[in-house]
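# 3D, please:
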Amino acid sequence: MAARLNISGHDAKNLRRAWANNDAAAVGRTRVAIDVRPDVLDDDVRKVDAEHEAMIWTHPGMSTYCRNASGRVFSAMPWRFVDYWRMTHDPDVRQYRLTTA
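All right, here's what the predicted structure looks like:
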């Protein structure tokens, strides 16, 4: 689904071109870069880590592929889907840097 959007990163890698084999239709022509502000990302990482502290994935005796080499849980989402949906349904654009390409 994301391959249908015209998304590019700072290094000018374009998602549509990167996933060209799976992109049957070119959707939209406006190019916009959307980057989360570093302070917002840091706050989000703290919230995720705090939630994980109360879950089995971070227990010292637990071994899981969800934990990286430094011991941080990285793939398991700590919230119920309905809660995550509520958190992300109406994004606050002030948390992002929006630039036109």
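
# give the rounded mean pLDDT of the helix ranked longest in the chain.
Across the chain, the longest stretch assigned as helix under DSSP state H is helix 38-52. When pLDDT is averaged over helix 38-52, the result is 92.

# mind listing what's buried along it?
Along helix 38-52, these residues count as buried under the neighbour rule (16 or more other C-beta atoms under 10 Å): Val48, Glu51, His52. Where you see a C-beta, it was placed from the backbone N, CA and C, and this is true even at glycine.

# which non-adjacent residue is nearest the first one?
To tie it back to what came earlier, the one meant is Val48. Excluding its sequence neighbours, the residue lying closest to Val48 (C-beta to C-beta, 6 or more residues apart in numbering) is Pro78, at 6.1 Å.

# can you count the residues close to Met55?
Other residues near Met55 come to 13 when the count uses other C-beta atoms under 10 Å.

# measure it to Trp79 for me?
10 Å (C-beta to C-beta, to the nearest Å).

# and what of Gly71?
Applying C-beta to C-beta to Gly71 and Trp79 gives a distance of 21 Å.

# now Pro60
23 Å.

# pLDDT below threshold where in this protein?
1-5, 8-11, 15-16, 18-32, 101 (pLDDT under 70).

# quick one, helices of it?
Using DSSP H, helices in the chain cover 15-18, 38-52, 81-88.

# let's have these in a markdown table, adding distance to Tyr65.
Output for the helices of the chain, formatted as a markdown table (distance: least, C-beta to C-beta, whole Å):
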| stretch | distance to Tyr65 |
| --- | --- |
| helix 15-18 | 25 |
| helix 38-52 | 15 |
| helix 81-88 | 21 |
